[in-house]
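# sequence and computational prediction follow.
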Amino acid sequence: MTSETTRDACLRAYLELLAERPDARIALTDVAAHCAVSLAEMRASFASTGDLLAAFFRATDRHVLAEGGRMRRISPARGRRSACSRC
């Protein structure tokens, strides 16, 4: 696997495990086994489950920011009534 493919596989495995149990119960060895990579190979990209979580948030931010420009063009907020009665 390339390092990028390994990173993606590890992140996907972590998220799958996170859907099953809390982060505190997920070890790097669990993630490595789930995505069939060695622990050493995984540690080359992620030193902790916190690193995996941070990578997920960064990827989510990139996706949202990339889509944000497109969404503003599709549905501009201008002219809409505010949902807040005080605004």
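Now that the structure is in, tell me what you want to look at. Residues are numbered from 1 along each chain as shown.
# so where's this structure shaky on pLDDT?
Applying pLDDT under 70 to the chain picks out residues 69-87.
# biggest helix in it by residues?
Ranked by number of residues, the top helix in the chain under DSSP state H is helix 49-74.
# flag every buried residue along that helix.
49, 51, 52, 53, 55 (16 or more other CB atoms under 10 Å). C-betas here are computed from N, CA, C, even on glycine.
# need the residues you listed in a markdown table (columns: distance to residue 61).
A markdown table is the format used below for these (distance: CB to CB, whole Å):
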| residue | distance to residue 61 |
| --- | --- |
| 49 | 19 |
| 51 | 16 |
| 52 | 15 |
| 53 | 13 |
| 55 | 11 |
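# ok, those vs residue 10, which is closest?
residue 52 (6.7 Å; CB to CB).
# the closest one is in contact with residue 14, isn't it?
Yes - here residue 52 reaches residue 14: they are 4.3 Å apart, a contact under CB atoms under 8 Å.
# next, show the common contact partners of the two.
Each of residue 31 lies in contact with both residue 52 and residue 14 under the rule CB atoms under 8 Å, 6 or more residues apart in numbering.
# tell me the contacts of the residue most central in space within the chain?
Nearest residue to the geometric centre of the chain (CA atoms, centre = their mean): residue 56, 2.0 Å. When contacts are counted by CB under 8 Å, 6+ apart, residue 56 touches 11, 14, 15.
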